[in-house]
Every structure is written in structure tokens, then in C-alpha cells.
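Trainee: build me a model:
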Amino acid sequence: MNICYYEDNPLAKDSIFLAGPTTRKDEAVRWEPGTATQWRRNAVGLLRSKGFEGNVLIPEFNHRGQYVYKSGLLSPVEHMDALSFSILRWETWGIDYCSVLMFWMPFDRTTAPGLTTRSEVARAINRHMYDEPEHVVLGMPPETRTVGFIRYHAWKSGFTIHPTLEATVDAALEVFNGK
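Mentor: This is a model prediction of the structure:
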């Protein structure tokens, strides 16, 4: 399995993009190597234990604390800094071209509110409702609150919301292996 972070070129071929809320840097617990967001660590462990050999796109920096991303670019977007532009370009490219877009949404109002994730899942549902809906896999713990909008539009569009991280990973692997 190959893991791609912001510092890497996103390898869309044979890839699963792990979309969902990212632990804010102040709440992050350092671990070596890679992501500080617990649910992503768990998802990578599940993918590894199930024999996944593709690319995993993780929208985080590999080394927490290294927030200087040297993309060599200036932002062409007015009032947007180069770091934000580079991150959003990486994420959008990965989301648009990955083999499977897997959302896990364990939102927490204080540590992982998922503000960006909420717009990404709405975009994904809308974009993929008629074009490759099987490309998107949704998961969310049943006890997650303030997500009525996502649950309603997923239901209306025919998407299943898997109740556990493992069920979500299994569904993503099923889509990946059937691609």
C-alpha cells in the first residue's frame, strides 16, 4: 500500500481517497509516520489488514508541524494564500480522479466539526448522483448529530450510509475491487 499526503503528488490510479474531518492541529496527537487524525489511522490499519495494495490519498501533511508547503506556486485566486490554494488543488484533484471516494464522518463540534467535509460530501452527492454513484462511499456513526442535511440528500439520491468505519472500508474495497 502506498500512502500519499499533501507533500506528495496524488496518485489517482488505483486509489481510495479518505475524505472526512481532519483533527485540528491543536488537538492532534503526533504519531510516526503520517496522519494525526485517529479515524484515518484506523482506516489505514483496516485497509492494510484486508490486503489493500493500492494508493491511499490522505488529505493531511505527512509531518505534523510542517505547515510550510513548498508548491512553488502563487495563488491565482484573489484573497487566497498559496498554501490554501495548493491544498485545495491537491484535494480537488484527488477527489475528482480517485478510484473510490470514501467519506467517514464522525463529526465532533469541538475537535472535528467537518466544515469542509460537509461541502465536499454535498458536492460529491450532487456530482456523482447520475455519474458513477458507486464511486462514492459514505459512512457515519448513527449517533452523529447535526447531519440531517447529509442523511436526507444521501437517502434521496440512493446512497447508503454505513454505520461503522469497518463497514465503510469494506464497502470502499468492494467498489474498488469491482471497478
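
Trainee: show me what the worst-scoring helix or strand of the chain on mean pLDDT is packed up against.
Mentor: In the chain, no helix or strand scores lower on mean pLDDT, DSSP states H and E than helix 115-128, which sits at a mean of 75. Packing contacts for helix 115-128, counted by 3 or more CB pairs under 8 Å, 6 or more residues apart in numbering; DSSP states H and E, involve strand 15-19, helix 82-97, strand 100-104, strand 136-139, helix 148-156. Any C-beta I mention is one placed from the backbone N, CA and C, and that applies to glycine too.

Trainee: ok, what's across the strand from the residue nearest to the spatial centre of the chain?
Mentor: Nearest residue to the geometric centre of the chain (CA atoms, centre = their mean): residue 19, 1.2 Å. Residue 19 has these beta-bridge partners by DSSP bridges: residue 103.

Trainee: which stretches of the protein have low pLDDT?
Mentor: 24-36, 63-73, 111, 113, 115, 128-133, 179 (pLDDT under 70).

Trainee: what do you get if the cut-off is 90, keeping everything else the same?
Mentor: Low-confidence regions of the chain, defined by pLDDT under 90, span residues 5-13, 21-38, 60-90, 92, 95-96, 106-135, 144-154, 156-159, 179.

Trainee: quick one, phi/psi of the residue of it most remote from its centre?
Mentor: Here the chain reaches farthest from its C-alpha mean at residue 78, the gap being 26.0 Å by CA atoms, centre = their mean. Per-residue torsions, residue 78: phi -60, psi 130 (degrees, to the nearest 10).

Trainee: then residue 57?
Mentor: Backbone torsions of residue 57, given as degrees, to the nearest 10, read phi -100, psi 120.

Trainee: in contact with it, which residues?
Mentor: For residue 57, the contact set (CB atoms under 8 Å, 6 or more residues apart in numbering) comprises 4, 10, 11, 12, 15, 16, 17, 18, 94, 98.

Trainee: neighbours of the closest residue to the fourth one other than its chain neighbours, just the number please.
Mentor: Same thing as residue 12. Distance criterion CB to CB, 6 or more residues apart in numbering; nearest residue to residue 12, sequence neighbours excluded, is residue 97 at 3.6 Å. Using other CB atoms under 10 Å, residue 97 has 15 other residues around it.

Trainee: how far away is residue 97 from residue 19?
Mentor: As for residue 97, its distance to residue 19 is 13 Å (criterion: CB to CB, to the nearest Å).
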